[in-house]
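> no sequence on hand, only this structure:
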């Protein structure tokens, strides 16, 4: 299922969300400008390599990606869900919320596979945290979603259904990888980071959100 847009308009300009998207786009354009061998070394230095863990890479790895689909998909999800979360927590606090979710996600991936020598890169963990926050803040929002089943359909789904399904898929995939990690390579998608990032967003948003309720969160009698 591919979300296309949600039904809640932004009340303010999402400066931080836009800035994060621009920074990721610039970092990606820099990556594609590098020769292949230089790029591999660059990702090893600035990505999170569990076996050679370095604290600064918890931040730098969030702005690096492995393919066009990787960066476009991540930025698309951030654009859809990030503006409303930024609205609710505030611009300044959204910076810290986003980074902390990304850090928690990366540490979760390191804990799952501490001996891996492969660099972990991408904004997915931080964006999973944003999705977790959206799940808490706007469960009754609806998201226009492309559903590529037998026939391609575009339908509106409750955010709690779409995001809940997404989280369960990440949880199932992370569990499947954990079962086979001892006998197979563990490259590919960092599902554990997605799970940890989402959970970090679920809990962390209670510390970062503003106290007032938005109109769509109230029930008038």
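In hand now; what should we look at? Nothing here was measured: the structure is a model prediction, and the numbers come from that model.

> helix or strand right after the lowest-mean-pLDDT helix or strand in the chain?
Within the chain, no helix or strand scores below helix 159-180, which has a mean of 82 by mean pLDDT, DSSP states H and E. The first helix or strand that comes after helix 159-180 along the chain, using DSSP states H and E, is helix 191-208.

> against which helices or strands is the host helix or strand of residue 129 packed?
Using DSSP H and E, residue 129 sits within helix 124-137. Helix 124-137 sits against helix 68-89, helix 91-112, helix 159-180, helix 191-208, with contacts defined as 3 or more CB pairs under 8 Å, 6 or more residues apart in numbering; DSSP states H and E. C-beta here means a position set from N, CA and C on the backbone, and glycine is covered the same way.

> now these in a markdown table, with mean neighbour count and distance to residue 36?
Formatted as a markdown table, the helices and strands packed on helix 124-137 follow (neighbours: other CB atoms under 10 Å; distance: least, CB to CB, whole Å):
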| stretch | mean neighbour count | distance to residue 36 |
| --- | --- | --- |
| helix 68-89 | 21 | 16 |
| helix 91-112 | 21 | 24 |
| helix 159-180 | 16 | 27 |
| helix 191-208 | 22 | 25 |
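
> least confident of those helices, on average?
Of all the helices and strands packed on helix 124-137, helix 159-180 carries the lowest average pLDDT, namely a mean of 82.

> give me the contact list for that one.
By CB atoms under 8 Å, 6 or more residues apart in numbering, the surrounding residues in contact with helix 159-180 are 1, 3, 6, 112, 128, 131-132, 134-135, 138-143, 145, 186, 188-189, 191-192, 194-195, 198.

> and that helix, how far out from the chain's middle?
Relative to its chain's centre, helix 159-180 lies at 13 Å (CA atoms, centre = their mean, to the nearest Å).

> for stretch 67-81, same thing?
Centroid separation for stretch 67-81 versus its chain: 9 Å, with CA atoms, centre = their mean.

> picking up where we left off before, next structured bit after the helix holding residue 129?
With DSSP H and E, the next secondary element past helix 124-137 is strand 142-148.

> now do that following strand: everything it contacts.
Here strand 142-148 has contacts from 1-7, 80, 152-159, 162, using CB under 8 Å, 6+ apart.

> ok, now how distant is the residue most central in space within the chain from residue 106?
Nearest to the mean C-alpha position of the chain, by CA atoms, centre = their mean, lies residue 127 at 2.1 Å. The gap separating residue 127 from residue 106 is 13 Å, by CB to CB, to the nearest Å.

> repeat that for residue 121.
10 Å.

> over to residue 139?
For residue 139 relative to residue 106 (CB to CB), the value is 27 Å.

> you'd agree residue 197 is up against residue 123?
No - counting by CB atoms under 8 Å, residue 123 is not a contact partner of residue 197; they are 9.6 Å apart.
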